[in-house]
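Asker: okay, sequence plus prediction incoming.
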Amino acid sequence: MVVDVTRLTAYDCRELLTSGQVSAVELTQAYLDRIAAVDDQVKAYLRVDAQGALAAAAAVDAKPLAERAPWEGVPIALKDILCTKGMETTCASRILKGYLPPYDATAVAKLREAGLIFLGKLNMDEFAMGSSTENSAFQVTRNPWDLERVPGGSSGGSAACVAAAEAPWALGTDTGGSIRQPASLCGVVGLKPTYGAVSRYGLIAFASSLDQIGPLTRNVRDAAALLDLIAGRDPRDSTSLGLPEPVGVPHREDLKGLRFGIIKELAGEVCEPGVRGVFAQAVRTMEALGAICEEVSLPSVERGLAAYYIIAPSEASSNLARFDGVRYGHRAAHSPDLYEMYVRTRSEGFGPEVKRRIMIGTYALSAGYYDAYYAQAQRTRTLIIREFAEAFGRFDFLISPTSPTVAFKVGERTADPLAMYRSDLCTIPVNLAALPGISLPAGFSAGLPVGLQIVGPHFSERTLLDAAYAVEQALRVEVVAPLQGAPGGPAKPVAPGGPGTPVGPAGREGAA
Amino acid sequence: MTVFADGWEAVIGLEIHVQLSTKTKMFCGCAVTFGEPPNTHVCPVCLGHPGVLPVINEKAVEYATLIALALNCRIPPRTVFHRKNYFYPDLPKAYQISQYDQPLGVDGHLEVELDDGSRFRVGITRVHMEEDAGKLIHAGGATGRIDGADYSLVDFNRGGTPLVEIVTEPDLRTPEQARVFLTQLRSLIQQLGVSDVNMEEGSLRCDANVSVRRPGAPFGTKTELKNMNSFRYLQRGLEAEIERQIALLQVGEVVVQETVHFDPASGTVSVLRSKEEAHDYRYFPEPDLPPIELDEAYVERLRASLPELPAARKKRLLEQYGLPAKDATTLAFNKLLGDYFEALAQATGDARTAANWVLGELSGYLNAAGLEVTQCPVSVERLAELIGLVQKGTISGKMAKEVFAEMAVTGKAAASIVQERGLTQISDAGELEAIVARVVAANPGPAEEFRQGREKVLAFFVGQVMKETRGQANPQVVNELLRQHLGSQGG
């Protein structure tokens, strides 16, 4: 059977497999074909493991249907920051070129255990430092909605791959918005779980107190399912707690009685008009579902960006110190002494943005500066946590646009790091407060996707995804990019459930 | 003596590292080992692979808390791990997980007793937990250090071993005090059973901060003295460094704050400047580990479980067994020897004799053989049997020493050695009387001398009787019989 993967969610894949309509090998091959057809343009994958994926799929097919786990045989793609045993993992950095991890990240091990098929490893900003995936040492990933534009970052490969139907879903990581911002720019669903919901073991650390692994999917139900697959307390991660209960299948159809606070500081002038327009329309849709939406002020979130760019680089400067050429990864040849080996290895191995952040972090932690920078940033973080907690006393959820702008052009912000850093203005405070946040496709501005961010209290994933599901059903936004010239595409608009006309790019054109 | 040449006084503080004898490492499940083939007890975590995370070894926290409690520290309710950042090939993550401004234990002290019985108190600034680094082996080059080596090899077996660092106040005034303090600290930790505390194997390491001043003056500039891997070298290293500092100051020069290495071969200290020592460790709280909160009940449970510590044991040995102070000190501060003694005292019912054996023959043998008491081939039970033979009069004390020497070599029981060698003592007066009479009769000259009052001659007769009996006569019985015979003849 020929499978048109452009139409498929992960639940669809599962249904095709469990009903026996397609084999795992056929499904895997269909995705490999799609990758072969479009990835030359999108460049989402750093590595495709066709052989490994087909072998794993064949092993699934060899099992009787009745003996298979629910998600067995469903393909997935992984951000190259997640350690995969014996499968090259580089963080899109030259310093880890050729590195074969001796172990699986816990989230990866859980997916392997559940029988998912790994299609390959996805591009990203080097060590997750960036908002456009242009900081990859190897390639620039393109936004499937407009190949002249970036997919966002740092999980740009994950978002682009799902938007281009090169995998039904993918894992990304989010330190300051690295799942939600690219999800927003690529028009897919991206969830950053509560800090501690998912084990970080095997996630190559950027900023340990902020990093979380999460799903990038085509719809909310897939996000919920993937979260349930990877969440859980892990004895190998002392900062993990798991979720109080599984999320299950989101099913809420209205928002009656739910109070949503619109974060004033993140939804106003900081966002471009087109984004504000789509956001306003989304708010009206939510109100039509019975939601009570009111503006709320969280004054400290305006300092979130500054605090983040102290805390994250500080932790990174320490986390990335292990890449010293001694045990694995790149080592500069012919160094006259130890000091030169360190300097040359790291100078050759790291790209400019990584070096910039290592220098910022090293400076911020230095004797005499610690109190003025790191300690002060932590105090700001405490204020932000407190303001969110107070807001959740009045509201069930908080909302804002996910990104202040739509996808920007490749090269547009590379010369201006501060402009690039502002891409994560709306998402960073959520990481600082360790809260769960989801980005949903809310519509289009000038033909490009705009995301709606919904933030919940700690460990509220179940209710957050339930509310997100209701919003998604009402908004009905198309989530597969119409790649030109691709076999099997352009994608036909696929509603995430039930009849109706989904909102396509043209439908929101000029909505601002 | 607390004052050096020309009235200078030394001020010494110690930084001691103790390797804990947990089964597994501080932050991963690898076995803690010594002397295994290189890199055979390693995993992604202790090799610092990308993506790994540390998990605290609960037993190590328990052991460290026991040390802190035994050093009379206050245990704050919350203790935090920090990262100490620096590059070195034996440090896989390029940071050591250590503790900084919220250590496990603070404000402690240890009461120390010198050989002359005088006591002094050393303040304990802090007790904290951390992980050990790996070991480097440098090949080629003249210095044996990494600069100039042809290549260097790294063994990560030791990397991640749990360490406790103990920092003292600058309360020590002489190298001897420092040595005695460290010896008694070692005994204390040994008593806790949480470390091998072996300086040669590196499970006990000591660095010293030392400065000199005029008594009562503010502290002088200190240097950090390293590489003293025995108690003797600690004392000698400090002596050499104090002399060096005094010599500098005497000629109007200044002491520079730097690291000084002790060379055991020459007994001298040398300054080794190196760029790798100019560190800003950029400490910050370890984000991968939540703070540890030790509740009061946990701490109190551990406090209650503390074994008897050397000072208390000494007091008890004095009271319970009536030992001389010197013997009680030796046995109290040497846990294993003390344990042996108490078991032997129990088994024989004669503490004084047991102490004499343990501190005499047994210690002499162990020292000569270079053995720990736990390796002693003569068990408490076997030694008690031997002492029993003396108590019953079967053999003399002198014979017992010979038997002990053979027991230590052959591992045989005392009774079987006595039997094999026909060593049974003749204590029967009737049996001995004839021999005594014969000896006295055969030596009329000396007998006359004795009767004239020359007591010393008695020893001659005892010797003759022993010769006749091949040493098996009970000397006490022989003594009595000789006095009777020599006296009766004269009377």
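Answerer: Now that the structure is in, tell me what you want to look at. Numbering: from 1, shown residues only, chains lettered A, B, ... in the order given.
Asker: in the stretch 51-200 of chain A, what residue comes closest to chain B?
Answerer: For the stretch 51-200 of chain A and chain B, the shortest gap (CB to the nearest CB) falls at A:Cys83, measuring 4.6 Å. Every residue, glycine included, has its C-beta placed from N, CA and C.
Asker: can you pull the contacts of that residue?
Answerer: A:Cys83 makes contacts with A:Thr89, A:Pro101, A:Tyr103, A:Asp104, A:Ala105, A:Val108, A:Gly202, A:Leu203, A:Ile204, B:His49, B:Pro50, B:Gly51, as judged by CB atoms under 8 Å, 6 or more residues apart in numbering or on different chains.
Asker: which residues touch the closest residue in space to the fourth one that isn't next to it in sequence?
Answerer: So the one you mean is A:Asp104. In space, and not counting its chain neighbours, A:Asp104 is closest to A:Lys85: 4.6 Å by CB to CB, 6 or more residues apart in numbering or on different chains. By CB under 8 Å, 6+ apart, A:Lys85 lies in contact with A:Pro101, A:Pro102, A:Tyr103, A:Asp104, A:Val108.
Asker: may I ask which of the residues you listed has the most neighbours?
Answerer: Within the contacts of A:Lys85, most neighbours by other CB atoms under 10 Å in any protein chain shown means A:Val108, with 27 neighbours.
Asker: secondary structure class for that residue?
Answerer: helix (DSSP: H, G, I helix; E, B strand; the rest coil).
Asker: circling back to that earlier point, quick one, phi psi at the residue of the stretch 51-200 of chain A closest to chain B?
Answerer: phi -70, psi 130 (degrees, to the nearest 10).
Asker: distance check, it against B:Arg179.
Answerer: Going from A:Cys83 to B:Arg179 by CB to CB, to the nearest Å gives 49 Å.
Asker: which among the contacts of A:Cys83 gets closest to B:Pro444?
Answerer: Checking the contacts of A:Cys83 against B:Pro444 by CB to CB gives B:His49 as the nearest, at 94.7 Å.
Asker: how many neighbours does the closest one have?
Answerer: 21.
Asker: these two touch, right, it and A:Leu100?
Answerer: No. Taking CB atoms under 8 Å as the definition, B:His49 is not a contact partner of A:Leu100, at 10.6 Å.
Asker: how near is the residue nearest to A:Ala58 when sequence neighbours are not counted to A:Val270?
Answerer: Distances taken as CB to CB, 6+ apart put A:Val25 closest to A:Ala58, at 5.5 Å, once the chain neighbours are dropped. Counting by CB to CB, the gap from A:Val25 to A:Val270 is 49 Å.
Asker: before we move on, back to that, what's the first helix or strand after the helix or strand in which the residue nearest to A:Ala58 is found?
Answerer: In this assignment (DSSP states H and E), A:Val25 forms part of helix A:24-42. Downstream of helix A:24-42, the first helix or strand assigned by DSSP H and E is strand A:45-48.
Asker: what strands line up against that following strand, and which way round?
Answerer: strand A:117-122 (antiparallel) (DSSP bridges).
Asker: who touches the strand it pairs with?
Answerer: By CB under 8 Å, 6+ apart, strand A:117-122 touches A:24, A:28, A:31-32, A:35, A:44-49, A:52-53, A:56-57, A:60, A:73-80, A:84, A:87-90, A:108, A:111-112, A:155, A:157-158, A:161, A:166-167, A:170, A:172.
Asker: of those residues, buried ones?
Answerer: Burial by neighbour count, judged by 16 or more other CB atoms under 10 Å in any protein chain shown, picks out A:24, A:28, A:31-32, A:35, A:44-49, A:52-53, A:56-57, A:60, A:73-80, A:84, A:87-90, A:108, A:111, A:155, A:157-158, A:161, A:166-167, A:170, A:172 from the contacts of strand A:117-122.
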